[in-house]
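Asks: Quick one: sequence plus predicted model below, questions after.
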Amino acid sequence: MGLLTELRDSISRVTDRLFSASEPKRIGIYGPPNAGKTTLANRIARDWTGDAVGPESHIPHETRRARRKENVTIERNGRTVTIDVVDTPGVTTKVDYNEFLEHDMEKDDAIRRSREATEGVAEAMHWLREDVDGVIYVLDSSTDPFTQVNTMLIGIIESQDLPVLILANKVDLEDSNIQRIANAFPQHETIPLSALEGDNMDEVYDKIAEYFG
Amino acid sequence: MPHQCTNCGKTFDDGSKEMLSGCPDCGGNKFQFRPKRATQTERDSTESASTPRAVSPSQPSDDDQPTTERTEGTEQSDRSGVTGTAAKAGASVREWVGNRTSNPDETDEATDTPASDDVTIEPTDDPSDEPQSVSAADDASERPAEGESADLDSSDTPDSIDSVDSIENTEDRAQASARSDVVTPEELSAAEQRPTPEQPSDADGTVVEPKSDDRPDLSDLREELNDQFESIKILNPGQYELNLMELYDRDEYIISLREDGRYVIEVPDRWQNTGRDE
């Protein structure tokens, strides 16, 4: 009996290795707060696994802990790419609870959220250094991409030689300006999408397969 | 004109009060000290500029240091011009000092070093006796102050002892005036309203052009301060500033902040895995 399970285990290990050449790559979804990272992570996870990653919100810093969805297998042109999707807290240089008070939050809750958001940024930066094999960088295309955070993060990612896919999210918004993002990071390809509406997700999956496969 | 704004090149008399509020022209707050004699020697001693002696990190600087870019620029010219190993060593020391302290030794000014070394005032030269020839009545009243200035600023009055011309007089007046009081807002605004030529006027070293902008360096300064704090700065409960590079660079990572300013960190595996594999 024990021998049988051992045999089965070893067979499944061999088949695992046959079908996925290596460990799934861990792809971090990074970007400033409220860029739509969780919406994108949920869209990817739902499209390919049926589950969601975490709650989405229009209030910044909804995601205050990195959340991982493992073994997301994406099929493209007869090939499959398996990745672990890591949805990270929005990265920022300033967190102020007053920002949350505007969203009808009690002061104590706002302060706690602020503290957790700060911890979340620390965690996101830690993951970036230690634990990701590639980055999907999500930007809200209706806002100015020329920020200290974006410049610094893209710089770190480049210095790590990590493959990075820049997504200009929220193209469904009226103020969306894809060109502005392309101009900000001319050394990278910019893919427009609306994670909320599911616009242009096919191209996003093509690029994920191309960059991280 | 011993003081020169490193930003726009505007010159000031020694001790000029206007400098204390930043350069009236460009708002810059970095000035280099250029004693008259030193600027002369500078031209003579360009060949010896790359000798190790010129690297002397003990170069006293009365004013703010020059920018890093400038040091790098002069280093390049050093490297191209000189092949001696001593010069190379000098360049690398300079580089090291520059990187380390971020107020790099002023290579340009390094050529001034010999000059400033020579310029020590001998106490036997009694300045109050000697330059009687200058002897304008109002100058005489400032004599004691001038002697004092020689003690305070050993490198800035080499020429005033031997030959006193009108420029030095102006400078001494400005110095004495600067010692006695600081420039008042009224004086400054009055000076600002007065249109002045590019060259320093002799009057009181007041070379002020109309400029009402805020000082542009404040944001730089703020940025510099931000760079100095460690990864997370707690301004108030619920208000944080984060240093992303610091957070990214550190081995351990902060997993929980406490109300009292303490925090919990997770240490990297390699700090605690002694014996784990055995």
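Replies: Thanks, I have it.
Asks: So what does residue A:168 have for phi and psi?
Replies: With angles defined as degrees, to the nearest 10, residue A:168 sits at phi -90, psi 100.
Asks: Now do the contacts for the residue nearest to it when sequence neighbours are not counted.
Replies: In space, residue A:168 comes closest to residue A:141 once its chain neighbours are excluded; the distance is 3.9 Å by Cβ to Cβ, 6 or more residues apart in numbering or on different chains. C-beta: built from backbone N, CA, C; applies to glycine. Shown here is residue A:141, whose contacts under the criterion Cβ atoms under 8 Å, 6 or more residues apart in numbering or on different chains are A:168-171, A:173, A:176-178, A:180-181, A:192.
Asks: now do residue A:142
Replies: By Cβ under 8 Å, 6+ apart, the contact set of residue A:142 is A:170, A:173-177.
Asks: try 10 Å this time
Replies: Contacts for residue A:142 (Cβ atoms under 10 Å, 6 or more residues apart in numbering or on different chains) come out as A:168-177, A:180.
Asks: Write a ChimeraX command that selects only the buried members of those residues.
Replies: To isolate in ChimeraX the members of the contacts of residue A:142 that are buried, counting by 16 or more other Cβ atoms under 10 Å in any protein chain shown, one can use:
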select /A:168,169,170,171,176,177,180
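Asks: Break chain B down into its domains, please.
Replies: The domain map for chain B lists B:3-193, B:229-272, with the assignment taken from automatic domain parsing.
Asks: Out of those, name the one with the poorest average pLDDT.
Replies: Within those, the least confident segment by mean pLDDT turns out to be domain B:3-193, at a mean of 53.
Asks: what's the next secondary structure element after the helix or strand of chain A with the lowest mean pLDDT?
Replies: Sorted by mean pLDDT, DSSP states H and E, the helices and strands of chain A end with helix A:2-19, the least confident at a mean of 60. For helix A:2-19, the succeeding helix or strand toward the C-terminus, using DSSP states H and E, is strand A:25-30.
Asks: Helix, strand, or coil at the closest residue to residue A:99 other than its chain neighbours?
Replies: Distances taken as Cβ to Cβ, 6+ apart place residue A:60 nearest to residue A:99, at 6.6 Å, with adjacent residues excluded. When the structure is reduced to helix, strand and coil (DSSP: H, G, I helix; E, B strand; the rest coil), residue A:60 reads as coil.
Asks: Number of residues surrounding residue A:60?
Replies: Other residues near residue A:60 come to 19 when the count uses other Cβ atoms under 10 Å in any protein chain shown.
Asks: And it, how close does it get to chain B?
Replies: Counting by Cβ to the nearest Cβ, to the nearest Å, the gap from residue A:60 to chain B is 14 Å.
Asks: That residue contacts residue A:113, doesn't it?
Replies: Yes - in this structure, residue A:60 is within contact of residue A:113 by Cβ atoms under 10 Å, at 9.3 Å.
Asks: Residues that sit against both of those two, list them.
Replies: A:95, A:99-100, A:103.
Asks: Please flag which of the residues you listed sit within helices.
Replies: Secondary structure defined by DSSP state H assigns A:99-100 of these to helices.
Asks: ok, and the most crowded of the shared contacts of residue A:60 and residue A:113?
Replies: Highest neighbour count within these: residue A:95, with 27 neighbours (other Cβ under 10 Å).
Asks: Mind pulling up the pLDDT for that residue?
Replies: In this prediction, residue A:95 carries a pLDDT score of 94.
Asks: so what's it bridging to?
Replies: Applying DSSP bridges to residue A:95 gives these bridge partners: residue B:240.
Asks: For it, list the residues it contacts.
Replies: Taking Cβ under 10 Å, 6+ apart as the criterion, residue A:95 is in contact with A:33, A:60-61, A:113-121, B:232, B:235, B:238-242.
Asks: ChimeraX command for the buried members of the residues you listed?
Replies: A single ChimeraX command is used to select the members of the contacts of residue A:95 judged buried by 16+ other Cβ under 10 Å:
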select /A:33,60,61,113,114,115,116,117,118,119,120,121 /B:232,238,239,240,241,242
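Asks: Among the contacts of residue A:95, which lie within strands?
Replies: Using DSSP state E, the members of the contacts of residue A:95 that fall within strands are B:232, B:235, B:239-242.
Asks: Let me have those residues in CSV, extended by distance to residue B:10.
Replies: CSV is the format used below for the ones in strands among the contacts of residue A:95 (distance: Cβ to Cβ, whole Å):
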residue, distance to residue B:10
B:232, 41
B:235, 38
B:239, 41
B:240, 41
B:241, 36
B:242, 39
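Asks: is it true that residue A:149 touches residue A:143?
Replies: No - under the criterion of Cβ under 10 Å, residue A:149 is not in contact with residue A:143, lying 11.6 Å apart.
Asks: Which neighbours do those two have in common?
Replies: When contacts are counted by Cβ under 10 Å, 6+ apart, residue A:149 and residue A:143 have residue A:32 as shared neighbours.
Asks: is chain B contacted by the top helix by length along chain A?
Replies: For chain A, the longest helix by residue count, based on DSSP H, is helix A:107-130. Yes - using Cβ under 10 Å from any Cβ of the partner chain, a contact is recorded between helix A:107-130 and chain B, made by A:107-108, A:110-119, A:121-130.
Asks: Which element is encountered next along the chain beyond that helix?
Replies: Note on helix A:107-130: by DSSP H and E, the next helix or strand toward the C-terminus is strand A:134-140.
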